[in-house]
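>>> The sequence and its predicted three-dimensional model are supplied below.
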Amino acid sequence: MVEPRSSPASVGDIVAGKYRVDRILGAGGMGVVVAATHLAVHNRVALKFVRPAAHAEGHKGAGDFTLRFLREAQAAGRLTSEHVARIYDAGALEDGTPYIAMEYLDGHDLGRTVESDAPIAVPDAVEYVLQACEALVEAHSHGIVHRDLKPQNLFLCRRLNGMPLVKVLDFGIAKEIGGSAQKVLTDSTVVLGSPLYMSPEQMRGAREADPRSDIWSLGVILHQLLARELPFDANTVPELCVKVMTEPHPKLADIRPHVPPELSEIVSRCLEKDVSRRWSSVAEFAAKLEPFSRSAERGVVDRPWRSFVDTIDSGAVEPSSGALAPGGVSGSGAVAASTGPKLSADTGVTWGEVSGAKSPSPPRRRSFFVGAVAGTLLTAAVVVAAMYAREDGTKVPSKTSGTGVEDGAGDD
């Protein structure tokens with residue numbers, strides 16, 4: 001329970017003259033989330049606040065954190081996908097404490113799923129990531145890169161018919177690509193994101209992140225869901241940085257034989273250290289991933305990447321729009337849906353139990369580094385690692401409170 005003195009609102013309080021606080025949902029190092037009811041329309045919302053100390057004058061990084069908090073409302077508020085938590089309102093209390101009113105979600109984040117011992121069927125794991133892809137196709141089309149994708153920011157709730165519905169949370173450190181919209185919210189010594197899911201280029205510097213950095217993070221998440229372990233792990237952040245930037249990633253099929261080789265190769269391409277060798281867009285990645293999903297059992301779903309044209313994801317954005325294609329990658333527009341073997345109607349079946357599936361030829365194996373590149377990346381890793389290093393040498397944080405508010409969030 002959040003102590004009253006550390007929370008800007010207590011149970012029973014009326015916030016902004018229209019929201020009644022019902023209960024405290026959770027808290028992180030910089031934020032507090034409460035369940036509340038709108039007094040006029042009686043619908044339940046989640047209110048997210050910046051802790052008073054976090055935006056107080058004189059607090060280190062207070063200005064940056066408040067701007068990032070408001071950016072979350074602005075970035076997520078522009079998106080209409082059902083796979084993004086809706087933003088209803090934003091404002092400030094009388095004392096200046098900013099708040100966001102957002103969709104109240106009933107369920108749990110995928111962090112809890114990852115931490116449980118229960119096995120995850122291959123089609124279900126793919127379905128969770130595929131639904132997150134739907135949100136990111138739209139976000140990237142607006143020039144928004146999330147930069148902090150992790151299981152704790154993918155919230156699993158249910159539709160009225162009981163089917164799973166994944167919502168992408170926390171666009172607080174999202175970056176807008178191109179045009180005058182891009183703002184530098186932190187100095188060059190601050191590293192934004194979660195190291196366990198962070199791409200090599202993001203470790204070198206947050207400004208280097210583009211849509212393909214989100215693809216790396218999705219690959220890490222899917223690898224973790226299927227393998228029940230991270231592709232890169234370490235006892236300290238500096239050690240992790242060196243591994244991510246210099247060591248080859250493990251093959252999913254080598255860890256879990258029930259994962260089909262073609263799906264293993266799809267995930268491996270997400271984890272290419274050279275961004276030009278990754279999937280060029282979330283749309284391309286999702287189209288290849290789709291045949292392995294739970295929804296593939298039930299027939300055609302009108303996925304957005306089948307008709308998404310003139311977007312940053314397809315590389316067809318007009319220069320005047322202010323959104324730039326990642327790394328200058330060009331595309332032909334709509335990505336055709338991939339075909340693949342169908343799963344049986346038995347919801348307990350996984351791809352490892354389906355016979356007769358024809359596997360595509362695996363992509364050509366590439367060497368990760370030559371001597372000069374390895375030296376450069378190792379140097380960059382050490383520099384970034386020093387920025388993360390803690391005096392007490394504690395283990396890399398990998399767990400959250402399960403409420404959508406990360407413990408220590410904003411302490412970057």
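Structure's in. What do you need? Numbers count the residues shown, from 1 in each chain.
>>> Figure out the helix or strand that V166 lives in.
Secondary structure from DSSP states H and E places V166 in strand 164-168.
>>> buried sites along that strand?
By neighbour count, and taking 16 or more other C-beta atoms under 10 Å as the criterion, the buried residues in strand 164-168 are 165-168. Where C-beta positions appear, they are placed from N, C-alpha and C, glycine not excepted.
>>> of these, closest to H38?
Of all the buried residues of strand 164-168, H38 sits closest to K167, with 19.7 Å by C-beta to C-beta.
>>> pLDDT wise, what is the closest one at?
Model confidence at K167, given as pLDDT, is 96.
>>> likewise I144?
Reading off the per-residue confidence, I144 sits at a pLDDT of 89.
>>> where do the helices sit along this protein?
In chain order, the chain shows helices spanning 52-55, 62-77, 110-115, 122-141, 200-204, 211-227, 237-246, 252-255, 261-270, 282-289, 371-388, with DSSP state H as the criterion.
>>> Tell me how many other residues crowd P238.
Applying other C-beta atoms under 10 Å, we find 21 other residues in the vicinity of P238.
>>> go on, D274?
Applying other C-beta under 10 Å, we find 12 residues neighbouring D274.
>>> again, but for the one 3 residues further on
Using other C-beta under 10 Å, the number of residues around R277 comes to 14.
>>> just N235 next, same as before
The criterion is other C-beta under 10 Å. On that basis, N235 has 11 neighbouring residues.
>>> roughly how far apart are it and F171?
Taken as C-beta to C-beta, to the nearest Å, the spacing of N235 relative to F171 amounts to 30 Å.
>>> backbone phi and psi for S116, please?
Main-chain torsions, S116, degrees, to the nearest 10: phi -80, psi 160.
>>> Name all residues that make contact with it.
Residues in contact with S116, defined by C-beta atoms under 8 Å, 6 or more residues apart in numbering, are absent; none qualify.
>>> Same check on the one 4 residues further on?
Contacts were defined as C-beta under 8 Å, 6+ apart; by that measure I120 touches 113, 225-226.
>>> Give me the lowest-pLDDT entry from those.
T113 (92).
>>> That one against P151, yeah?
Yes - contact status for T113 versus P151: in contact at 7.0 Å, counting by C-beta atoms under 8 Å.
>>> so what's in contact with these two at the same time?
If you check T113 and P151 against C-beta under 8 Å, 6+ apart, the residues they both contact are L225.
>>> Same drill for the two, tell me which one is more crowded.
Neighbour count, other C-beta under 10 Å: between T113 and P151, P151 has more, with 25 against 18.
>>> And the more buried one, how far from R228?
Distance, P151 to R228, using C-beta to C-beta: 12 Å.
>>> Need the residues touching each of those two.
The contact sets of P151 and R228 overlap at V114 (C-beta under 8 Å, 6+ apart).
>>> picking that back up, of the buried residues of strand 164-168, closest to S264?
Nearest to S264 among the buried residues of strand 164-168: V166, at 22.1 Å, using C-beta to C-beta.
>>> Settle this for me: that closest one is touching E82, isn't it.
No - assessed by C-beta under 8 Å, V166 is found out of contact with E82, at 9.6 Å.
>>> before we move on, the earlier item: got CSV for the contacts of I120, with distance to K273 too?
What follows is the contacts of I120, written out as CSV (distance: C-beta to C-beta, whole Å):
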residue, distance to K273
T113, 27
L225, 21
L226, 20
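>>> so where's this structure uncertain?
Segments of the chain classed as low confidence (criterion: pLDDT under 70) are 1-6, 29-30, 52-65, 172-193, 206, 300-412.
>>> what do you get if the cut-off is 50, keeping everything else the same?
With pLDDT under 50 as the threshold, the chain has low-confidence stretches at 1-5, 57-59, 61-62, 179-191, 307-412.
>>> if we can go back for a sec, let's have the helices of the chain in CSV, adding distance to A35.
Conversion of the helices of the chain to CSV gives the following (distance: least, C-beta to C-beta, whole Å):
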stretch, distance to A35
helix 52-55, 20
helix 62-77, 18
helix 110-115, 18
helix 122-141, 23
helix 200-204, 33
helix 211-227, 27
helix 237-246, 34
helix 252-255, 38
helix 261-270, 35
helix 282-289, 32
helix 371-388, 34
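>>> For F155, which of these is the nearest?
Comparing the helices of the chain against F155 with C-beta to C-beta, the closest turns out to be helix 110-115 (7.7 Å).
>>> packing partners for the closest one?
In terms of contact count using 3 or more C-beta pairs under 8 Å, 6 or more residues apart in numbering; DSSP states H and E, helix 110-115 is assigned the packing partners strand 154-158, helix 211-227.
>>> can we see that at 10 Å?
The criterion is 3 or more C-beta pairs under 10 Å, 6 or more residues apart in numbering; DSSP states H and E, and the helices and strands that helix 110-115 contacts are helix 122-141, strand 154-158, helix 211-227.
>>> Now it: buried residues?
Applying a neighbour-count criterion of 16+ other C-beta under 10 Å, one finds 110-111, 113-114 buried in helix 110-115.
>>> Kindly report the same for stretch 267-277.
Buried residues in stretch 267-277 (16+ other C-beta under 10 Å): 267-273, 275.
>>> Could I get these in TSV, plus columns for distance to V34?
Converted to TSV, the buried residues of stretch 267-277 look like this (distance: C-beta to C-beta, whole Å):
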residue	distance to V34
V267	37
S268	42
R269	41
C270	36
L271	38
E272	42
K273	41
V275	40
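>>> returning to that earlier point: contacting residues around the strand holding V166?
Where contact means C-beta atoms under 10 Å, 6 or more residues apart in numbering, the residues beyond strand 164-168 that reach it are 76, 79, 81-86, 103, 105, 107, 109-110, 124, 127-136, 138-139, 146, 149, 153-159, 294-295, 404.
>>> Could you find the closest non-adjacent residue to F171?
The spatial neighbour of F171 that comes closest, neighbours along the chain excluded (C-beta to C-beta, 6 or more residues apart in numbering), is A75 at 4.0 Å.
>>> How many neighbouring residues does that neighbour have?
Neighbours of A75 (other C-beta under 10 Å): 24.
>>> how much space between it and I144?
For A75, the distance to I144 (C-beta to C-beta) stands at 5 Å.
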